[in-house]
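Student: Prediction below, plus the sequence it came from.
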Amino acid sequence: MLLKKIIKPLILASLCAGSSYAIAQTKVIYNANGYTPLYKGKMLKGEVQQFSTLVIKDGKVVKLGGDTLKNSYPNAKLIDANGNTLLPGLIDAHGHVIGLGDNLSQLDVRGAKSVNEITEKLNIFAENKQDWIIGRGWNQELWDNAQFPTAADLDKVVKDRPVVLSRIDSHAIWVNSKALELAGITAQTKAPDGGEIIKDEFGNPTGIFVDKAEALITQHMPAPSKQDISDSLDAAGKHLLSLGITSTHDAGIDKTTWEVYKERSKLGNLPVRIVAMLSGASPDLKTMLKAGRYQDANDFMSIRSVKVYADGALGSRGAALIEDYADRANYHGLMLETQEKLEALFTLSFKSGFSANTHAIGDKANRVVLDAYQNVFKKTGGILLRNRIEHAQIVTPDDIPRFKALKIIPSMQPVHATSDMHMAEQRLTEKQLSGAYAWKTFLKQGSVIAAGSDYPVELANPFDGLYSAITRMDHEQLPANGWRASEVLSREDALRAFTLGGAYAAHQEFKIGSLEKGKWADFILIDKDYFKVPVDEIYKTNVLQTWISGTLRYEKEEVTSKK
């Protein structure tokens, strides 16, 4: 019988005043349907342990066991899990925290099926905006003509204020004529290396700027204040906690965000654990590197890596390919950095004790990045820093084994495959797809996959990612049996990628990622048995509670108990 208990919503994202996140009292969570992967020193061979009772002290795991374990702690605070499923807190190994927080207050056009649908939303949103109008989420692949839009489309609604709308993948922006005017963009404006200005048949800019050309516009936008960044951090944290994410890797921060993160870390009021990567494109990179790695005592903030961009995205045809795009003759995409520049960034990072986490989507970009890592390892060292390739979406079968040989972690986002599958088959030939989104192949060779979502490019919900990893199908369960189904993951492997995989990639496998003795007690209660429900139920999972360091940080308003 299902019993329902109404509890006031609880969000404690920013209310942990004081110097410690953990509470000293012993707590016993009992009557749980618990599962945890086990590290045991071998990432790919750890089994899943079941338990019904979890003992916590000083914010860390003391012991796991059966129902009678709670009798061994008579003075502990007992907490009934009501038979709900308990998992380790989920780790998103690639997101954009401040971008997510910003996105929650900006114009959201994700999923729009036409330009008209977007301009209708813009018309309503613009009523209360007096300055720059910022938004994101458009995807021309969802429209009937699948063509890039133009400034003229936006001008029909807003002429007097600049409008800047980022594509769903953040690798292109769509602006109106006012933005072009303020930025001084004309037919004579040239795109920087690694960028493209889309122009019409007369050579005039259409309003679309790809990859590094985006900066021609964005450099004129007002910079956010520290308070703006802090507010976005809180908004993002609140959202992530509601999804069961207890730790997230932030893929590229600027100096102001770096300062805010360290200030909030010292105050002890970060909403979730954050592993922040310094932006390799920041003019302040050397200053941040000189300050050294940062780690707080409670493992809420870790800064020890640099985010580097090698190419663009597949949807905007910015991903760098070895051979032509199938749907654009004589075009190979964009390398955002030369191999020489990549090697210089890697060398700078390694000599400062920072790892390099490099965005590479196309097969050419992945190959160039692997070559750059290999060359720098020979000259400088750094192979043991757990360097990563972010996305690793299109990789030739010959290059996949190089990840293992060079100890490169593939940081991959399963939901990208199910979002991209129809578009990818248009952009790429069968040969190019042969090493695409190859999670199972990476795992089989012994690579550790750190899984994430790339929010706000994709929705942050990790159960979407788990579902995609296990099925390679969309929410309508198409295509039948999954897209390129040989690469599906088991439920155990998928969960490990979203827990221990992310922890390992952050050098935190002995601190978080599983519920084992001595680790932080980061866990969630959910309303479905992840290991037993039909696969089409996984993405519908609701998070009932989210705990970090043995402290309740989020509770769903309506909690369903199972008796």
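Tutor: Ah, there it is. Numbering: from 1, shown residues only.
Student: what's stretch 147-156 in contact with?
Tutor: Stretch 147-156 is contacted from outside by 115, 118-119, 122, 138, 140, 163, 165, 172, 174-180, 198, 200, 205-208, using CB atoms under 8 Å, 6 or more residues apart in numbering. All C-beta atoms are positioned from the backbone trio N, CA, C, and that covers glycine.
Student: go with 10 Å
Tutor: 114-116, 118-119, 122-123, 126, 133, 138, 140, 143, 162-165, 167, 172, 174-181, 185, 198, 200, 204-208, 210, 316 (CB atoms under 10 Å, 6 or more residues apart in numbering).
Student: Can you tell me which of the residues you listed end up in helices?
Tutor: Per DSSP state H, helices hold the following members of those: 115, 116, 118, 119, 122, 123, 177, 178, 179, 180, 181.
Student: Counting neighbours, which of these comes out on top?
Tutor: Counting neighbours by other CB atoms under 10 Å, residue 179 leads those with 28 neighbours.
Student: what sits against that one?
Tutor: Residue 179 neighbours (CB under 10 Å, 6+ apart): 132-133, 151, 154, 158, 161-165, 173, 185, 207, 209, 216-218, 220-221.
Student: which of those count as buried?
Tutor: Buried members of those, counted by 16 or more other CB atoms under 10 Å: 133, 151, 154, 158, 162-165, 173, 185, 207, 209, 216-218.
Student: Where strands are concerned, which of those residues count?
Tutor: Cross-referencing those against strands under DSSP state E gives 133, 163, 164, 165, 173, 207, 209.
Student: got these as CSV, with distance to residue 455 columns?
Tutor: Shown next, in CSV, are those (distance: CB to CB, whole Å):
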residue, distance to residue 455
133, 22
163, 23
164, 20
165, 18
173, 18
207, 26
209, 23
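Student: Pick the one among these closest to residue 518.
Tutor: The shortest approach to residue 518 among those belongs to residue 173, at 46.7 Å (CB to CB).
Student: give me the beta-bridge partners of residue 308?
Tutor: Bridge pairing for residue 308 (DSSP bridges) gives the partners residue 358.
Student: Pretty sure it sits against residue 337.
Tutor: Yes: under the criterion of CB atoms under 10 Å, residue 308 makes contact with residue 337 at 7.2 Å.
Student: Overlap of the contact sets of those two?
Tutor: Residues within reach of residue 308 and of residue 337 at once, by CB under 10 Å, 6+ apart, are 280, 281, 345, 358, 369, 372.
Student: Just the ones of those residues in strands?
Tutor: Judged by DSSP E, the shared contacts of residue 308 and residue 337 include residue 358 as members of strands.
Student: And the shared contacts of residue 308 and residue 337, which is the shakiest by pLDDT?
Tutor: Lowest in pLDDT among these is residue 281, which has 94.
Student: picking up where we left off before, out of the shared contacts of residue 308 and residue 337, who has the most neighbours?
Tutor: Highest neighbour count within these, by other CB under 10 Å: residue 358, with 32 neighbours.
Student: Hmm, that residue is touching residue 339, no?
Tutor: No: in this structure residue 358 lies outside contact range of residue 339 using CB under 10 Å: 11.6 Å.
Student: Find residues that contact each of these two.
Tutor: Between them, residue 358 and residue 339 share the contacting residues 310, 368, 369, 372, judged by CB under 10 Å, 6+ apart.
Student: Now render these as JSON lines, adding distance to residue 234.
Tutor: Shown next, in JSON lines, are the shared contacts of residue 358 and residue 339 (distance: CB to CB, whole Å):
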{"residue": "310", "distance to residue 234": "32"}
{"residue": "368", "distance to residue 234": "39"}
{"residue": "369", "distance to residue 234": "34"}
{"residue": "372", "distance to residue 234": "37"}
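Student: from the residues you listed, which two are the most distant?
Tutor: Most distant of the shared contacts of residue 358 and residue 339, by CB to CB, are 310 and 372, 8.4 Å apart.
Student: would you list every one of the strands in the stretch 401-550 of the chain?
Tutor: With strands called from DSSP state E, counting those that start in this stretch, the stretch 401-550 of the chain shows them at 409-412, 450-451, 523-526, 543-548.
Student: would residue 286 count as being in a helix?
Tutor: Yes: judged by DSSP: H, G, I helix; E, B strand; the rest coil, residue 286 forms part of a helix.
Student: Excluding covalently adjacent residues, which one is nearest to it?
Tutor: Nearest in space to residue 286, with sequence neighbours left out and distances taken as CB to CB, 6 or more residues apart in numbering, is residue 348 at 7.4 Å.
Student: OK, contacts around that neighbour?
Tutor: Neighbour list for residue 348: 280, 285, 286, 289, 306, 354, 356, 376, 380 [criterion: CB under 10 Å, 6+ apart].
Student: One more: residue 422?
Tutor: If you count contacts by CB under 10 Å, 6+ apart, residue 422 has them with 141, 142, 474, 478, 479, 483.
Student: which of the residues you listed lies closest to residue 394?
Tutor: residue 483 (14.3 Å).
Student: how deep is that closest one tucked in, by neighbour count?
Tutor: By the criterion of other CB under 10 Å, residue 483 has 24 neighbours.
Student: shaky segments in the stretch 1-150 of the chain?
Tutor: 1-24, 41-46 (pLDDT under 70).
Student: now the strands: where do they sit in it?
Tutor: Taking DSSP E, counting those that start in this stretch to define them, one finds strands in the stretch 1-150 of the chain at 2-6, 10-11, 27-30, 33-37, 48-51, 53-57, 60-65, 77-80, 85-88, 90-95, 107-108, 133-138.
Student: Tabulate those (CSV), appending distance to residue 515.
Tutor: CSV is the format used below for the strands of the stretch 1-150 of the chain (distance: least, CB to CB, whole Å):
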stretch, distance to residue 515
strand 2-6, 24
strand 10-11, 22
strand 27-30, 10
strand 33-37, 4
strand 48-51, 8
strand 53-57, 6
strand 60-65, 5
strand 77-80, 15
strand 85-88, 5
strand 90-95, 13
strand 107-108, 35
strand 133-138, 36
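Student: Give me whichever of those strands is most buried.
Tutor: Scoring those by mean neighbour count under mean count of other CB atoms under 10 Å gives strand 90-95 as the most buried, with a mean of 29.
Student: quick one: that strand to strand 543-548, angle?
Tutor: Angle of strand 90-95 versus strand 543-548, following axes from the mean of the first three to the mean of the last three CA atoms, to 10 degrees, is 80 degrees.
Student: Give the closest residue to residue 376 in space, chain neighbours not counted.
Tutor: Distances taken as CB to CB, 6+ apart put residue 346 closest to residue 376, at 4.4 Å, once the chain neighbours are dropped.
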